[in-house]
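Trainee: Dropping a prediction and its sequence here:
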Amino acid sequence: MDCIFDLSARERDEAEAEAEGSKTVLYLVGDYEAAASIPIGASLPHLEREHELLPAAFYEVFTTNLWKWMRVYDYAAAKEHAAMWTDGLSEEEIKESVYPKVESSCPNVWAGMERRSK
């Protein structure tokens, strides 16, 4: 890419309009055919020893920036996926489904932030 990712399309257009002369643009598109997990869990207790909010901050910054390059299936995505698939199901179907268990299975990565804000 020839521009900062955090710019909106409008901001990029304005910046390009203000640029003098012609500009050559190169766009890189990734086409992923596989998935992998990134084992960051063992690092989080070490970060928490430094500060109670550091694991949540690291997780948020890491996943936000990784999203710029590839799809990230994290806890929020799992909860959203579960909600999507249980929407419209009857109570009987929901009881038989694994999706209601997703919410209780996901750790609350923002627990430290919630404690701090109260």
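Mentor: Noted; the coordinates are in hand.
Trainee: Give me the residue ranges of the protein where confidence is low.
Mentor: Residues of the chain that meet the criterion pLDDT under 70 lie in 1-6, 20-31, 107-118.
Trainee: can we see that at 90?
Mentor: When residues are selected by pLDDT under 90, those of the chain lie in 1-42, 44, 55-56, 59-60, 62-118.
Trainee: For it, which segments count as helices?
Mentor: Counting by DSSP state H, the chain has helices at residues 9-18, 44-50, 54-66, 75-86, 91-96, 100-105, 111-117.
Trainee: nearest to Ile38, of those helices?
Mentor: Across these, Ile38 has its closest neighbour in helix 54-66 (8.1 Å, CB to CB). (Glycine included, C-beta is placed from N, CA and C.)
Trainee: in that closest one, what counts as buried?
Mentor: Pro55, Ala56, Phe58, Tyr59, Thr63 (16 or more other CB atoms under 10 Å).
Trainee: Mind putting the residues you listed into CSV with distance to Pro39?
Mentor: Formatted as CSV, the buried residues of helix 54-66 follow (distance: CB to CB, whole Å):
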residue, distance to Pro39
Pro55, 14
Ala56, 18
Phe58, 14
Tyr59, 13
Thr63, 14
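Trainee: any idea which of those residues is the one closest to Trp85?
Mentor: So of the buried residues of helix 54-66, ranked by how close each gets to Trp85 (CB to CB), first place is Thr63, at 22.0 Å.
Trainee: Now do the contacts for the closest one.
Mentor: Listed by CB atoms under 8 Å, 6 or more residues apart in numbering, the contact set of Thr63 reads Val72, Asp74.
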